[in-house]
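[1] What would the 3D arrangement of this be:
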Amino acid sequence: MIREAKSGDEYAIIDLIKELAVYEKEPLSSVKNTPAQLAKDLFNDRICSAYVVQIKDKVVGYAIYYFSYSTWNGVCLYLEDLYVQPEHRDKRIGSTLFDAVVSKAKEMKVRRMDWQIIHWNEPALDFYRHKGATIDGDWLNGRLFFNDTE
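    Numbering: from 1, shown residues only. Below you'll find the model as predicted:
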């Protein structure tokens, strides 16, 4: 069952975020977010939103998104993460999550939806191409990190 994330889901989502880090060959120490921070961002400050898929009593997948702005296009939707546990990937859960985010983008009348795919993740590249996405190899990502003491 897919639904919007609710208070209490932040623990399961953080666990899944850590699984995603392992899948992407990153150390667990790369995940700086905490359940408390995620709950604040999702439910209090509403910086981002999430859908989850729950099977029985267990959250097995999530999609986190937020709204961004393009000077050329106006309001856009950014899909930060879409992750489904490997044992549930043959059940169209990823497709259901992606379609829910696309529906939200259309409902909000955004002009563009963006996300990133790590270059070696062929299953994800194939999934998004199958959904009709354009994979842009022209733009490079810029990024700055800040620690809590700055």
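[2] For the rest of this, base every contact and every neighbour count on C-alpha atoms.
    Will do.
[3] All the helices of this protein, residue numbers only.
    All helices of the chain, identified by DSSP state H, fall at 10-23, 35-39, 93-107, 122-130.
[4] Residue 136 and residue 13, how far apart?
    28 Å (Cα to Cα, to the nearest Å).
[5] neighbour-wise, which of these two wins?
    residue 13 (26 against 8; other Cα atoms under 10 Å).
[6] what sits against the more buried one?
    59, 61, 62 (Cα atoms under 8 Å, 6 or more residues apart in numbering).
[7] ok, so of those, who is nearest residue 30?
    residue 62 (18.9 Å; Cα to Cα).
[8] contacting residues for that closest one?
    Residue 62 neighbours (Cα under 8 Å, 6+ apart): 13, 16, 50, 51, 52, 53, 81, 82, 83, 84, 97.
[9] rerun that using 6 Å as the cut-off
    If you count contacts by Cα atoms under 6 Å, 6 or more residues apart in numbering, residue 62 has them with 51, 52, 82, 83.
[10] can you tell me how far the closest residue to the second one other than its chain neighbours sits from residue 92?
    Excluding its sequence neighbours, the residue lying closest to residue 52 (Cα to Cα, 6 or more residues apart in numbering) is residue 62, at 4.3 Å. Taking Cα to Cα as the measure, residue 62 and residue 92 are separated by 13 Å.
[11] Look up the residues forming beta bridges with the residue most central in space within the chain.
    Closest to where the C-alpha atoms of the chain average out (Cα atoms, centre = their mean) is residue 81, at 1.8 Å. Bridge pairing for residue 81 (DSSP bridges) gives the partners residue 64.
[12] Could you find the closest non-adjacent residue to residue 112?
    Per Cα to Cα, 6+ apart, closest to residue 112 is residue 76, 4.9 Å.
[13] I should have written residue 82 there, sorry.
    residue 63 (4.3 Å).
[14] if we can go back for a sec, tell me the predicted confidence for the residue nearest to the centre of the chain.
    pLDDT, residue 81: 97.
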